[in-house]
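A.B. asks: Below are the sequence and a predicted model for it; my questions follow.
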Amino acid sequence: MADSRTSRSEGLGASSPAPAVTRAAAVLEVLAESPTGRLTLSDLSRELGIPKSSTSNLLLALEEARLITRQGADFALGRKLVELGAAYLSRLDEVQEFYKYCEQAPTLSGETVRIAMLDGDHVIYLARYEGHPAVRLTSNIGDKMPVSLCSVGKALIAQLHDHDIDAMFPDGMELPTMTANSLKTAEELKAQISTIRKQGYAFEDEESTVGVVCLAVPVPTHGAHGPSLGLSVTALKATYSEEQGALMVKELKELARSLGNPMG
């Protein structure tokens, strides 16, 4: 597997019309990917593959814009990013409709429901409705998850053409795992995709969190350039039943139709 630092540094500003902006965005990405959320100047310079002097200038500009914050010798993401993210989400009609529907849905109103967007071979969670009791062991708003580890990811890639799936997950490819139930190979993922297409929804059985199951459906897209969105609902396996799952899928599909065709 290629070193992410090498691939990142090779592309930094090489063909960008604004190399400084490209490098600043890379700083934010590196901080977001850091396990601790905090890195020093030396850490960032090494990760980006650019001189400390250039990295220092980037950090000063980002700090002035409140996009990052200084914590002693470390740097972390700034609160301004929360404001920008909230502004983005507030303008997504799908997110607003998502909350309204979940609040009044007979079954989903008592569950943990999320809406996510496909981003390459990952999904990004855009919103999370928490029923009572909420399942808090799962992904939060803004989290990214490999598509093979979550039901909503599998539901979304099942909508892709087979040749696109083969390009993303060639035979023999090993997949990231989080539990003993996680899918381990591209072949296992493709077998599940076939099942998802037949039944119209995806099911995740303790594949990302032990003791938790999840069901998901895709949202019909708004034209060729619309975002690929999906809906998922999480439940504790100890109390989950097929009857409950059927009700969940029914309401998820109703919500998906509403989001995909707001005039219908």
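C.D. replies: Yes, it's here. Numbering: from 1, shown residues only.
A.B. asks: show me where the stretch 101-250 of the chain has helices.
C.D. replies: Using DSSP state H, counting those that start in this stretch, the helices of the stretch 101-250 of the chain run over residues 151-157, 162-168, 186-199, 242-260.
A.B. asks: Okay, buried residues for the last one please.
C.D. replies: This means helix 242-260. Neighbour-count burial for helix 242-260, with 16 or more other CB atoms under 10 Å as criterion, is recorded at Gly245, Leu247, Met248, Val249, Glu251, Leu252, Lys253, Leu255, Ala256, Ser258, Leu259, Gly260. For every residue, glycine as well, the C-beta is placed using N, CA and C.
A.B. asks: quick one: contacts of that helix?
C.D. replies: Under the contact criterion CB atoms under 8 Å, 6 or more residues apart in numbering, helix 242-260 has outside partners 94, 97-98, 101-102, 105-108, 111, 113, 200-201, 203, 215-222, 229, 231-233, 235, 264.
A.B. asks: gap between the residue of the chain most remote from its centre and Ser241?
C.D. replies: The outermost residue of the chain relative to its centre, with distances by CA atoms, centre = their mean, is Ser53 at 33.5 Å. To Ser241, Ser53 is 61 Å away according to CB to CB, to the nearest Å.
A.B. asks: Adding mean pLDDT and distance to Ala180 as columns, could you present the helices of the stretch 101-250 of the chain in a markdown table?
C.D. replies: A markdown table is the format used below for these (pLDDT from 0 to 100; distance: least, CB to CB, whole Å):
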| stretch | mean pLDDT | distance to Ala180 |
| --- | --- | --- |
| helix 151-157 | 96 | 17 |
| helix 162-168 | 94 | 24 |
| helix 186-199 | 95 | 13 |
| helix 242-260 | 93 | 22 |
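A.B. asks: burial of Leu183, as a residue count?
C.D. replies: By other CB atoms under 10 Å, the residues close to Leu183 number 21.
A.B. asks: Surely it and Glu207 touch.
C.D. replies: Yes - Leu183 is within contact range of Glu207, at 6.6 Å (criterion: CB atoms under 8 Å).
A.B. asks: Take the contacts of helix 242-260 and keep only those in strands.
C.D. replies: Of the positions in the contacts of helix 242-260, Val113, Phe203, Leu215, Ala216, Val217, Pro218, Leu229, Leu231, Ser232, Val233, Ala235 sit in strands, assigned by DSSP state E.
A.B. asks: How far away from the center of its chain is stretch 52-59?
C.D. replies: Relative to the centre of its chain, stretch 52-59 is centred 30 Å away, using CA atoms, centre = their mean, to the nearest Å.
A.B. asks: oh sorry, the question was meant for stretch 243-262
C.D. replies: Taking CA atoms, centre = their mean, the mean C-alpha location of stretch 243-262 is offset from the chain mean by 20 Å.
A.B. asks: Enumerate every residue touching Met178.
C.D. replies: Met178 neighbours (CB under 8 Å, 6+ apart): Leu149, Glu207, Ser208, Thr209.
A.B. asks: Do you know the pLDDT at the third one?
C.D. replies: Spelled out, that is Ser208. According to the prediction, Ser208 has pLDDT 93.
A.B. asks: From Ser182, how far out is it?
C.D. replies: Counting by CB to CB - Ser208 and Ser182 are separated by 7 Å.
A.B. asks: okay, the two: which has more neighbours?
C.D. replies: Neighbour count, other CB under 10 Å: between Ser208 and Ser182, Ser208 has more, with 24 against 17.
A.B. asks: do you know how far the more buried one is from Ala186?
C.D. replies: Following CB to CB, the distance that separates Ser208 from Ala186 is 18 Å.
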